[in-house]
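Student: Generate a structure from the sequence data that follows.
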Amino acid sequence: MISMKNLKLSLLILFTFTTLSSFAAPFCVAHRALGFGELENSYAAIEAAARSGAKAIEFDLLHTKDNETIIYHDDELDRLVEKSVDCPTGSKISSINTENLKNCKLSNGELVPTFSETMEMLANYDSMLFIELKDKFTDQDLSVIMKTFPNRSDKIVIISFNQSLLKSIKSLRESTPYLNGVKLVLVKKTAFGADTDSFDGLDTGLISKRKVKKLKKQGKLVGVYTKNSSNSIKNALKKDVNFITTNEYQLCEDLTK
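Tutor: Next up is the predicted model:
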């Protein structure tokens, strides 16, 4: 008869193996949906990445003054936006209402994409989504994710430099079972001192092979950002990370084959 102690150990080993086997081969993440000839974080870029079959696409979320969730990296509306009398360029995203934002065009001629419209489009594809939270995460954001990817929580990875923000989402898992399938990954410049116990993974700029092995053994998802040269991508592969975030998606894909 198997003892309770051995049973628990067997279940832990099985859980760890199952978690890691889902990410057995290193995969590339299109940083800000770059690598497909379109403007970063634009609707066109995200659609092009998804249509091209990118295994994973990363994009950034920010919120307007009236709480509309948009896809944009910088907290100030300036870079990537065409200068216009009607567009409040130079203003903080958090101080701009949605109606004012509609007067602004990105340098590719598009409007700044909303999270909801982008997720509706992405629901037609199979890419994993690395959603980076820049300021907060609202009930509406969760609703959008659950509505557009109702049975595919495994395709959602929520990342952030903000540990408190990730912990607040983690605390919802008991009341919102859907979130148990979503990976919560901490982003940190280096692996040194990272709170890896509280989250499902670590996305970092600098990490040792030994640390990668240790984290993966614990069932964590481990990745590095933003590797754009052949040498940096090859070095990341030598460390046996799960994923590599890059602006050069096709180069990364070629090197991981």
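Student: mind giving me the domain ranges of this protein?
Tutor: Annotated domains of the chain cover 31-181, 184-257 [automatic domain parsing].
Student: if I look at residue 191, how far off is residue 224?
Tutor: Noted for residue 191: a distance of 9 Å to residue 224, by C-beta to C-beta, to the nearest Å. In short, each C-beta sits where N, CA and C put it, glycine included.
Student: and if you look at residue 180?
Tutor: The spacing between residue 180 and residue 224, counted by C-beta to C-beta, is 26 Å.
Student: and if you look at residue 157?
Tutor: When C-beta to C-beta is applied, the distance between residue 157 and residue 224 equals 14 Å.
Student: When these two are compared, which one has more neighbours?
Tutor: More neighbours sit around residue 224 than around the other of residue 157 and residue 224, counting by other C-beta atoms under 10 Å; the figures are 27 against 23.
Student: coming back round to it: in a markdown table, list the domains of the chain along with mean pLDDT and distance to residue 25.
Tutor: Putting the domains of the chain into a markdown table (pLDDT from 0 to 100; distance: least, C-beta to C-beta, whole Å) gives the following:
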| stretch | mean pLDDT | distance to residue 25 |
| --- | --- | --- |
| domain 31-181 | 98 | 9 |
| domain 184-257 | 97 | 7 |
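Student: which residue ranges form the helices in this protein?
Tutor: Residue ranges of the helices in the chain, as given by DSSP state H, are 4-21, 43-51, 98-101, 115-122, 139-148, 163-170, 209-217, 230-238, 249-256.
Student: now the angle from the fourth one to helix 43-51?
Tutor: Between the axes of helix 115-122 and helix 43-51, defined by axes from the mean of the first three to the mean of the last three C-alpha atoms, to 10 degrees, the angle is 30 degrees.
Student: So for residue 191 and residue 224, which residues contact both of them?
Tutor: Common neighbours of residue 191 and residue 224 (criterion: C-beta atoms under 8 Å, 6 or more residues apart in numbering): 204, 206, 207.
Student: Narrow these to those that are buried.
Tutor: Among these, the ones that count as buried by 16 or more other C-beta atoms under 10 Å are 204, 207.
Student: Buried deepest among the helices of the chain, which one?
Tutor: The highest average neighbour count among the helices of the chain, using mean count of other C-beta atoms under 10 Å, belongs to helix 43-51 at a mean of 22.
Student: Who are the packing partners of that helix?
Tutor: The contact analysis (3 or more C-beta pairs under 8 Å, 6 or more residues apart in numbering; DSSP states H and E) places helix 43-51 against strand 56-63, helix 115-122.
Student: Select, out of those, the one closest to residue 169.
Tutor: Residue 169 lies closest, by C-beta to C-beta, to one member of the helices and strands packed on helix 43-51: strand 56-63, at 12.5 Å.
Student: Within its sheet, name the partner strands of that closest one and how each one runs.
Tutor: As defined by DSSP bridges, the strand partners of strand 56-63 come to strand 27-30 (parallel), strand 69-71 (antiparallel), strand 128-133 (parallel).
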